[in-house]
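[1] pasted the sequence and its predicted model underneath.
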Amino acid sequence: MVVDQIVGRVPGGIGRYTEELTRHLIQTAPAGCDVEGIVAAHPQEKYDQVIQRLPGLAGLFTAPLGRRELSRAWQYGINIPVGSGMIHATSLFAPLKKHDRGHGGEQLAVTIHDVVPWTHPETLKPHGVAWHKAMAKRARKHADAIVVPTHAVADQLGDFLDFGDRIRVIGGAVSPSLALPPDADERAAALDLPERFVLSVGTLEPRKGIAALIQAMTRPELSAAETGDEADGIPLLIVGPDGWGDTDVATLAHDAGLPADRIRVLGFLSDRNLAVVLDRATVFAYPSLAEGFGLPMIEAFTFATPVVHSDDPALVEVAGGAGVIVERAEAAGYPKRLAEAIGSVLADAALADRLAVIGMDRARAFSWRDSAERVWQLHADL
């Protein structure tokens, strides 16, 4: 397993995906099979961290180059030895080179999480876009299998690169560590959580739709739909950074006319605090315009929190009808439609209860153990 992302400068979603999948691959390893890790050159404490976080890892192969240099070397096809056998990469950061699967037994599977480098390149650094596209072309030449998280990504990827029948759909799941802690009340008090609130997760990059959600919170459709307490007072809480590039939440809220006391950025939360926030949210809104999977929705489902999400194909596939779908088309009207959808859940207790039940049921369809077993099956098939 290429596990370097676990100790990356910004592990992000791929870092968590790598850790959870590798941990469950170790737990589900067939008889006679071991799982070893592949990492770039790091200080010893980073290696110790990987070994500590992946109990049962049979070994750790350390490349002679740092991550940036190793990334460039793999991009240009320079052969840096990283061992042989069944190599599985949880991204395109992989030793993509010509190999003989038939005789030497070597095989290489890589993961492409979304098509953002092709559809929304403005949300990435130019170097990142070029690297992803170059590595995807190398994968087309040398990878034995391409793992994607949804059928939607598989379909979209076909518009840019032809991988033939090498694509396998293997999704992710909620981390077992994302569980409600025994001191939930104390944590909620420390976070100063309101009694009722709309919750979202994401950055301010345009494809995440957070700007449209902020505008939705000011719409009369949301206020008119609320009964009991006033919807024009319900706050929006956002998990994630409070800015992106030259944009920040406070500026967007001011420009939209949303009072400062109705929006709050919680920053990055520990799993225990995130569990508390998800559990106490009145509605979880996921307005993203382009995703590969949409794990935050499944996390909300797990805590029986009603979900409102965009009609991005991957989100529709993952939600499986357990959320309220909002059309993205005609961008100017998107905030209004978001407000109507959120307002409908706030105003209709029966709808909220139904969404809670079917959401919890939908969350059970995703399991890291199942994902790991599919990866083992993939390599067995190869």
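    Right, received. Where do you want to start?
[2] for this structure, give me the ranges with low pLDDT.
    Residue ranges of the chain with pLDDT under 70: 11, 101-105, 223-232.
[3] mind jotting down where the strands sit in it?
    Assigned by DSSP state E, the strands in the chain fall at 36-39, 59-62, 86-88, 107-111, 145-148, 167-169, 198-201, 236-239, 243-244, 247-248, 263-267, 283-286, 307-310, 324-326.
[4] turn those strands into CSV, including distance to residue 3.
    Yep, even glycine has a C-beta here, placed from its N, CA and C like the rest. Conversion of the strands of the chain to CSV gives the following (distance: least, Cβ to Cβ, whole Å):
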stretch, distance to residue 3
strand 36-39, 4
strand 59-62, 8
strand 86-88, 10
strand 107-111, 13
strand 145-148, 15
strand 167-169, 20
strand 198-201, 25
strand 236-239, 25
strand 243-244, 28
strand 247-248, 33
strand 263-267, 26
strand 283-286, 28
strand 307-310, 31
strand 324-326, 36
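[5] any chance of these in TSV with mean neighbour count and distance to residue 119 as columns?
    Shown next, in TSV, are these (neighbours: other Cβ atoms under 10 Å; distance: least, Cβ to Cβ, whole Å):
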stretch	mean neighbour count	distance to residue 119
strand 36-39	20	30
strand 59-62	14	35
strand 86-88	23	26
strand 107-111	24	18
strand 145-148	24	14
strand 167-169	16	18
strand 198-201	24	21
strand 236-239	21	24
strand 243-244	16	18
strand 247-248	16	20
strand 263-267	17	27
strand 283-286	27	18
strand 307-310	28	14
strand 324-326	21	19
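[6] to residue 186, which of those strands lies closest?
    strand 263-267 (16.4 Å; Cβ to Cβ).
[7] show me what the closest one packs onto, helices and strands only.
    Secondary-structure packing of strand 263-267 (3 or more Cβ pairs under 8 Å, 6 or more residues apart in numbering; DSSP states H and E): strand 236-239, helix 249-256.
[8] nearest to residue 368, out of these?
    In terms of Cβ to Cβ, the element of the helices and strands packed on strand 263-267 nearest to residue 368 is strand 236-239, at 21.4 Å.
[9] sorry, back to before: closest one to residue 126 among the strands of the chain?
    Closest among the strands of the chain, using Cβ to Cβ: strand 243-244, at 16.3 Å.
[10] in JSON lines: the helices and strands packed on strand 263-267, plus distance to residue 117.
    Output for these, formatted as JSON lines (distance: least, Cβ to Cβ, whole Å):
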{"stretch": "strand 236-239", "distance to residue 117": "25"}
{"stretch": "helix 249-256", "distance to residue 117": "25"}
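[11] nearest to residue 307, of these?
    Going by Cβ to Cβ, the one of the helices and strands packed on strand 263-267 nearest residue 307 is strand 236-239, 14.4 Å.
[12] who does the closest one touch, helix- and strand-wise?
    strand 198-201, helix 210-216, strand 263-267, helix 271-280.
[13] adjacent strands (with direction) for it?
    Using DSSP bridges, the strands paired with strand 236-239 are strand 198-201 (parallel), strand 263-267 (parallel).
[14] just put the helices and strands packed on strand 236-239 in JSON lines and tack on distance to residue 30.
    Below are the helices and strands packed on strand 236-239 laid out as JSON lines (distance: least, Cβ to Cβ, whole Å):
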{"stretch": "strand 198-201", "distance to residue 30": "36"}
{"stretch": "helix 210-216", "distance to residue 30": "43"}
{"stretch": "strand 263-267", "distance to residue 30": "41"}
{"stretch": "helix 271-280", "distance to residue 30": "30"}
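[15] nearest to residue 252, of these?
    Here helix 210-216 is closest among those (Cβ to Cβ), at 5.2 Å.
[16] give me the contact list for the closest one.
    200, 202-204, 222, 236, 238, 247, 249, 252-253, 256, 258, 263, 285, 287, 331, 334-336, 338-339, 342 (Cβ atoms under 8 Å, 6 or more residues apart in numbering).
[17] how far away from the center of its chain is that helix?
    Centre-to-centre, helix 210-216 and its host chain are 20 Å apart (Cα atoms, centre = their mean, to the nearest Å).
[18] just stretch 304-312 next, same as before
    15 Å.
[19] rewinding a little: out of the strands of the chain, nearest to residue 125?
    strand 243-244 (12.5 Å).
[20] helices or strands next to the closest one in the packing?
    Judged by 3+ Cβ pairs under 8 Å, 6+ apart, strand 243-244 has no packing partners among the helices and strands.
[21] please identify the pairing partners of it and their relative orientation?
    Here, using DSSP bridges, strand 243-244 pairs with strand 247-248 (antiparallel).
[22] quick one: contacts of the partner strand?
    204, 211, 242.
[23] how far away is the second one from residue 268?
    So that's residue 211. 20 Å (Cβ to Cβ, to the nearest Å).
[24] more neighbours: which of the two?
    Applying other Cβ atoms under 10 Å to residue 211 and residue 268 shows that residue 211 carries more neighbours, namely 21 against 9.
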